[in-house]
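S.K.: Pasting the sequence and the predicted model now:
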Amino acid sequence: MPPENQQKQSYFHNWISVLGIIFSVIWFVIILFLWILDFTAKEKNPYLGVVIYFFLPMLLTFSLVVIPLGAWRERKKRLRGIKVRRFPIIDFNNPHHQQLAYTIWGIVTLFFLFTLVGVYQGYHFTESNEFCGKLCHEVMKPEFVAYSQSPHARVKCVECHIGPGVNWFVRSKLSGTYQVFSVLAKKYPRPIETPVKNLRPAQETCEECHWPRQFYGAVERNHQYYMPDEKNSPWQTRLLIRVGGGVPPYGKEEGIHWHMNIKDKVYYIASDDKRQVIPWIKTVSPDGKERIFVDKTSKFTAANPPDKEMRLMDCMDCHNRPSHVFKSPSVAIDEAMAYGAIDQSLPYIKREAVKALFADYSSQPEAKIKIQQNLENFYQKNYPQEWSEKKENINKAVQSIIQIYGTNFFPEMKVSWKEYPNNIGHWIFPGCFRCHDENHKTEDGTTLSRECNTCHTIIEQGAPDSLEKNAEGLSFRHPEEDESWKEMSCSECHEGK
Ligand code: HEC
Ligand code: HEC
Ligand code: HEC
Ligand code: HEC
Ligand code: HEC
Ligand code: HEC
């Protein structure tokens, strides 16, 4: 039997339990500190959730479990009558003890402060774009690279993907936690699926910076194209796009930004996962009146919509690629030619460049080598004169094409424009024509018109030497003498290559 006074002592008087208590306090303080930090920060960061809600609680639980475990071991020892080691007695009257106690106290405090500073730094790192874009290097590389070239390059990922507020804060933590695990387990899909299911409503992200009253009138877009012929014949279309919008105190809501929920609300149900086929639409006016448009070529009816999620239309249903845009070969090459990065006088450069981008490669380094080989072979073989006279321009063009490939094509993640439809416009993807196609009708016969002047006015079009101009608007002329565009959707022929 151990001495009397030891019998009376709590079983928690043992080193294991004491260490458990010390570490529990440390983990708890760090969790609290991080939580307050993250909660009060302006910008939210999803991945910290892994630390706050998973790793640290795991360590905390472990430390907590150790406390009774130590006590249990202690009890067994005492029952067996093993002599219990006592804690050292600290006597503050003893100068030696005093010094030792202060030194230990100082070291512990310093250690704690440094830990908190480290935690704070780590926290800021997880908030940065470097963390989102580079730490998950392979997974997010496509988005990160494309984003860096976009109008939103200075807007942080988290400002569109998370936004402020408590509810989404916790939700994003949880999904962020899941995402980190799927990356670690290499379970993520390639390409990452789009649309993003739990994206926050645009009112709380986009509208923090762009608000409906900011829009009015029209914006101008000038599109420069090059045909796939030997001369790369140029063609131009200048459009005034009726963005419209609404200034509620003064006037009516009109134009394209009419859909921004400023007056009527537009709901829709897509029948596919990428939201590219929309057979069923409902509008609700402020006085509660509903109208349902159904695609008359589909099997659905007003009362029998597809069995899928109903979405309230917001910014993302048109601007679904505001930041990480993956350009199609023809769009990217037209742009590079218009800016002079690719010499327009090289024969067939438009056609060949598009072909080079469109081919199948297994990785970016492979693409780099093959794009160069194929284009050089083409000019060497078919245009030996250009090859010798314009070698420098050919080389510059090749470098530009490789650069375009590097920022828009990511074979490692199976990412290119094809996987990520852009819903603005209707040229390469169905976009606006998902609804505005003359087939969507209400019961009383109202049709969503595809009439070419509903959304924009063409003010210039044609080849440079025969450019038509009219500020009042022109009727569309297709560069190929072919009238099929009147019946068919542009995207049925124009696939971006
Ligand atoms: C201007 C707003 C904005 C910014 C900034 C932004 N995104 Fe996005 N992102 C979106 C929208 C909108 C979607 C959803 C597209 C959809 O649902 O159709 C999206 C989708 C994604 C997807 C799903 C796959 C895809 O491409 O559709 C990933 C991954 C992604 N974003 C990563 C990032 C990363 C990493 C950054 C920062 C480097 C970033 N985003 C910055 C708006 C933004
Ligand atoms: C943190 C602020 C911020 C947020 C959030 C934000 N944007 Fe922007 N947006 C900008 C800035 C800055 C520009 C560049 C302004 C310019 O070029 O005139 C811009 C430009 C744009 C443009 C014009 C691009 C062009 O080609 O000229 C569109 C469209 C746009 N944003 C849509 C969106 C959508 C949709 C969202 C939500 C998914 C969003 N923005 C979220 C700040 C923001
Ligand atoms: C019905 C589709 C649609 C919806 C919904 C929509 N937009 Fe747009 N938006 C357009 C089109 C089309 C343009 C002009 C052409 C372009 O950018 O290619 C445009 C232009 C813009 C521009 C650039 C304007 C400029 O002056 O250059 C911004 C910024 C923008 N939208 C933000 C938003 C925001 C924020 C929302 C949600 C509140 C929103 N849009 C909702 C279709 C839409
Ligand atoms: C989900 C279906 C849907 C999509 C996608 C869609 N719209 Fe609409 N749009 C509607 C509905 C519904 C109306 C209301 C028609 C009515 O009231 O008769 C409308 C009305 C309009 C109007 C007329 C607004 C007014 O002044 O009364 C314009 C302009 C317009 N859309 C442009 C666009 C553009 C541009 C795009 C593509 C960027 C687009 N829409 C995409 C459903 C859609
Ligand atoms: C529902 C609205 C709507 C209707 C109807 C519509 N357009 Fe457009 N169109 C757009 C929008 C939005 C864009 C993209 C604007 C931009 O960014 O340049 C666009 C872009 C274009 C472009 C430039 C294509 C590009 O991306 O390079 C052409 C050309 C064009 N439209 C022709 C037509 C013709 C021809 C018709 C009639 C058959 C038509 N549009 C009907 C909304 C519409
Ligand atoms: C029946 C197929 C078909 C349809 C439908 C069609 N196009 Fe085309 N389009 C062509 C062909 C073929 C060319 C010739 C150049 C080529 O092969 O890209 C062309 C060329 C163009 C060009 C010149 C630039 C370039 O990249 O070739 C523009 C701009 C264009 N079309 C716009 C449109 C628009 C806008 C619509 C819808 C309103 C449309 N097209 C519908 C077949 C079509």
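M.R.: Here it is on my side, so go on. Remember, it's a predicted structure, so these values are computed and weren't measured experimentally. Numbers count the residues shown, from 1 in each chain. Ligands and ions are numbered 1, 2, ... in the order given.

S.K.: can we go C-alpha only for contacts and neighbour counts from here?
M.R.: Noted.

S.K.: Backbone dihedrals for Y225, please?
M.R.: Phi and psi for Y225, reported as degrees, to the nearest 10, are phi -120, psi 160.

S.K.: isn't it right up against Q236?
M.R.: Yes. Counting by Cα atoms under 8 Å, Y225 touches Q236, with 5.9 Å between them.

S.K.: ok, those two, which is more surrounded?
M.R.: In this view Y225 and Q236 are compared by other Cα atoms under 10 Å, and Y225 has more residues nearby, 22 against 18.

S.K.: list the contacts for that one?
M.R.: Listed by Cα atoms under 8 Å, 6 or more residues apart in numbering, the contact set of Y225 reads 234-236, 334-335.

S.K.: need the helices for the stretch 51-200 of the chain, in chain order.
M.R.: 56-79, 95-127, 129-130, 137-148, 157-161, 166-184 (DSSP state H, counting those that start in this stretch).

S.K.: Please enumerate residues in contact with the first one?
M.R.: What that stands for is helix 56-79. Applying Cα under 8 Å, 6+ apart, the external contacts of helix 56-79 come out as 1-2, 7, 11-21, 23-24, 27-28, 31, 83-84.

S.K.: Now with 7 Å, please.
M.R.: Helix 56-79 is contacted from outside by 2, 11-12, 14, 16-17, 20-21, 23-24, 27-28, 31, using Cα atoms under 7 Å, 6 or more residues apart in numbering.

S.K.: Now do the buried residues in it.
M.R.: 56-57, 60, 63-64, 66-71, 73-75, 78 (16 or more other Cα atoms under 10 Å).

S.K.: Most widely separated two among the residues you listed?
M.R.: Using Cα to Cα, the buried residues of helix 56-79 span at most 33.5 Å, a distance reached by L56 and R78.

S.K.: Get me the contact residues on the stretch 251-400 of the chain for ligand 2.
M.R.: Within the stretch 251-400 of the chain, the positions adjacent to ligand 2 are 315-316, 319, 322 by Cα under 6 Å from any ligand atom.

S.K.: Pull out the buried members of the residues you listed.
M.R.: Among those, the ones that count as buried by 16+ other Cα under 10 Å are 315-316, 322.

S.K.: Sticking with the closest residue to Q224 other than its chain neighbours, tell me its helix or strand.
M.R.: Excluding the flanking residues, the one nearest Q224 by Cα to Cα, 6 or more residues apart in numbering is Q236, at 4.7 Å. Applying DSSP states H and E as the criterion places Q236 in strand 234-241.

S.K.: average pLDDT for that strand?
M.R.: Per-region confidence: strand 234-241 scores 95 on mean pLDDT.

S.K.: tell me which residues in it are buried?
M.R.: 234-241.

S.K.: Contacting ligand 3 as well, which ones from the residues you listed?
M.R.: I241.

S.K.: Using the three-state scheme, assign F39.
M.R.: Assigned with DSSP: H, G, I helix; E, B strand; the rest coil, F39 falls in the helix class.

S.K.: R221 too?
M.R.: Following three-state DSSP, R221 is assigned to strand.

S.K.: what separates the residue nearest to it when sequence neighbours are not counted from C455, distance-wise?
M.R.: Nearest non-adjacent residue to R221, counting by Cα to Cα, 6+ apart: L239, 5.3 Å away. As for L239, its distance to C455 is 10 Å (criterion: Cα to Cα, to the nearest Å).

S.K.: again, but for S363
M.R.: Using Cα to Cα, S363 is found at 40 Å from C455.

S.K.: what's the answer for E230, then?
M.R.: In terms of Cα to Cα, E230 sits 34 Å off from C455.

S.K.: Please say which of those two ends up with more neighbours.
M.R.: Set side by side, E230 and C455 show more neighbours around C455, with 19 against 13, by other Cα under 10 Å.

S.K.: Report the contact partners of the more buried one.
M.R.: Contact analysis of C455 by Cα under 7 Å, 6+ apart lists 241-242, 256.

S.K.: Tell me the residues of the stretch 151-300 of the chain that contact ligand 5?
M.R.: 221, 223.

S.K.: Show me which residues of this structure sit near ligand 6.
M.R.: Neighbours of ligand 6 within the chain, by Cα under 6 Å from any ligand atom: 225-228, 427, 478-480, 484-485, 488-490, 493.

S.K.: Just the buried ones from the residues you listed, in PyMOL syntax?
M.R.: Per 16+ other Cα under 10 Å, the buried members of the residues of the chain next to ligand 6 correspond to this PyMOL selection:
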select buried, resi 225+226+227+228+427+489+490
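
S.K.: Turn the residues of the chain next to ligand 6 into a markdown table, columns for distance to E389 and secondary structure.
M.R.: What follows is the residues of the chain next to ligand 6, written out as a markdown table (distance: Cα to Cα, whole Å; DSSP: H, G, I helix; E, B strand; the rest coil):
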| residue | distance to E389 | secondary structure |
| --- | --- | --- |
| Y225 | 26 | strand |
| Y226 | 23 | strand |
| M227 | 24 | coil |
| P228 | 22 | coil |
| W427 | 37 | coil |
| H478 | 35 | coil |
| P479 | 32 | coil |
| E480 | 33 | coil |
| S484 | 41 | helix |
| W485 | 41 | helix |
| M488 | 44 | coil |
| S489 | 43 | coil |
| C490 | 39 | helix |
| C493 | 36 | helix |
